[in-house]
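1. sequence and computational prediction follow.
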Amino acid sequence: MVRRAASHEEGRRPTTIRDVAAHAGVSVATVSRILSGTYPSAPATRSKVMRAVRELDYVANANARGLAGASSRSVAIIVTSVISPHYAHVAQGVQAQAALEGKLCIVGTTGGDPERELATVQLMRQEQAECVILVGNVVDDAAYRERMGEYARALALAGSQLVLCGRPTLGPDVPALVVEYDNAAGAYAITSHLLSAGHRRVLFLGRRDGHTTQDSRIAGYRDALADHRVPHDPGLEVEGTMERQEGYRMIRERLGAGPRDFTAVFACNDLIAAGARLALREHGLRVPDDVSMVGFDDLPPAADIGLTTVHVPHEELGRTAVRLALERRRNTSGSAGQVMLGTHIIVRDSVRTFRGDHPPAP
């Protein structure tokens, strides 16, 4: 903190990457690589560097790299992965709208690492992107919200705009746009679809406490049970991540542990459903003849396997994020705003009416 005060007293000299390296006790090369999101450093090293960045309010001067006088013509999107269909379709929407606006699209990936996400946001700030769009699931804790709130304010001061796409707000005083879709309502509707078909033992695959997307979906599931007067059984909620192999693992472990105690499955996304369906088939169980199944997202492979699921407007999410961010930037209001897009059920062939005796709880 002393170094920062001295630099302001001495003619307000801007903080350099060397100042950050010295403050963190690492090399300049290490700072550069961590901020670019390409350095596989230890968490402690990343934490030291990011703390120094915040304390010194470091922003690399893009103008010094030959961009003086040039207005930004880019928008940035930061996702966990470009392989996941969910992120790929949102990114396609961002790219399409950016092209309509005459902007370039910069894509960054984080691998689900919150520290890398924060570093990538900082990098996009350095590159003077007109808006930075963060997409998808996130661990929602106070420390993360505080740090991302700081970055949102730094972006606003630089004339940029943070957009949270498919994420909850960071708070009323944070200058960030929020473009969401109704996870809870979609989960409520798809659970009600199963309950209306006579199912009372609905296995939920993909609970992950503290993760925003899964928390919203399981809240909708629980609300539907309550409104249909079906007792909530925590034993029917299986923890796992939102990947195909996790759906396979969760069903294999469930069926391997004892007699089947469910008649229907609510997979937290369609990838989980595809893996779960394979595991059911390996145990001689057919969908929907023996077990009904629903998913969430309406992305491949849902249509291929005839899965009843919740449609999410992925590309419209991306388009809306870009459109609102650029409109907000042109209007220079800088205030927070929120848009909620709707979801709806796509009925296919994976649910049948249940008329038999429900398996008992274990």
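-> Received, thanks.
2. just the buried residues of the longest helix along the chain, please?
-> Among the segments of the chain that qualify as a helix by DSSP state H, the longest is helix 314-331. Under the neighbour-count criterion of 16 or more other Cβ atoms under 10 Å, helix 314-331 has 314-326, 328-329 buried. Where you see a C-beta, it was placed from the backbone N, CA and C, and this is true even at glycine.
3. between those, which is closest to Val79?
-> Gly318 (10.2 Å; Cβ to Cβ).
4. for the nearest residue to the closest one once chain neighbours are set aside, grab the count of nearby residues.
-> Spatial nearest neighbour of Gly318, chain neighbours left out: Gly93 (2.5 Å); criterion: Cβ to Cβ, 6 or more residues apart in numbering. Per other Cβ atoms under 10 Å, the neighbour tally for Gly93 reads 23.
5. host element of Gly93?
-> Using DSSP states H and E, the element containing Gly93 is helix 85-100.
6. list the contacts of that helix.
-> Here helix 85-100 makes contact (Cβ atoms under 8 Å, 6 or more residues apart in numbering) with 75, 77, 79-82, 104-105, 107, 133, 135-136, 165-166, 269-271, 297, 299-300, 312, 314-323.
7. before we move on, what about stretch 151-166?
-> Stretch 151-166 is contacted from outside by 57, 59, 72, 90, 118, 121-122, 124-125, 128-137, 148, 170, 174-181, 213, 317-318, 321, 324-325, 328-329, 334, using Cβ under 8 Å, 6+ apart.
8. quick one on the thing from earlier: so what does the next helix or strand after the helix holding Gly93 touch, helix or strand wise?
-> Next along the chain after helix 85-100, taking DSSP H and E as the criterion, comes strand 104-109. Strand 104-109 makes packing contacts with strand 74-79, helix 85-100, helix 114-126 when contacts are defined by 3 or more Cβ pairs under 8 Å, 6 or more residues apart in numbering; DSSP states H and E.
9. any idea which of those is most buried?
-> strand 74-79 (a mean of 25; mean count of other Cβ atoms under 10 Å).
10. and the helices in the stretch 251-362 of the chain, which stretches?
-> 270-282, 314-331 (DSSP state H, counting those that start in this stretch).
11. what separates stretch 349-362 from the chain centre, distance-wise?
-> The chain centre lies 33 Å from the centre of stretch 349-362; the measure is Cα atoms, centre = their mean, to the nearest Å.
12. any chance you could list what contacts it?
-> 193-194, 197-201, 233, 235, 258-264, 287-289, 292-294, 305-308.
13. in strands, which of these appear?
-> 264, 292-294 (DSSP state E).
14. flag the shaky bits of this protein, pLDDT-wise.
-> Across the chain, the ranges flagged by pLDDT under 70 are 1-14, 35-41, 59-72, 332-336, 360-362.
15. the domain parsing of it - what is it?
-> Following automatic domain parsing, the chain resolves into domains at 1-58, 66-181+314-340, 184-308.
16. identify the residues contacting Asp209.
-> Residues near Asp209 by Cβ under 8 Å, 6+ apart: 215, 239.
17. ok, back up a step: between the helices and strands packed on strand 104-109, which one is closest to Ala276.
-> Going by Cβ to Cβ, the one of those nearest Ala276 is helix 85-100, 16.7 Å.
18. figure out how far the closest one is from the centre of its chain.
-> On Cα atoms, centre = their mean, the centre of helix 85-100 falls 15 Å from that of its chain.
19. quick check: closest non-adjacent residue to the one residue sitting closest to the centre of the chain.
-> Nearest residue to the geometric centre of the chain (Cα atoms, centre = their mean): Gly136, 1.5 Å. Nearest non-adjacent residue to Gly136, counting by Cβ to Cβ, 6+ apart: Gly166, 5.4 Å away.
20. any idea how far the one you found is from Glu101?
-> 21 Å (Cβ to Cβ, to the nearest Å).
21. of these two, which one has the most company?
-> Set Gly166 next to Glu101 and count neighbours by other Cβ under 10 Å: Gly166 wins out with 27 against 15.
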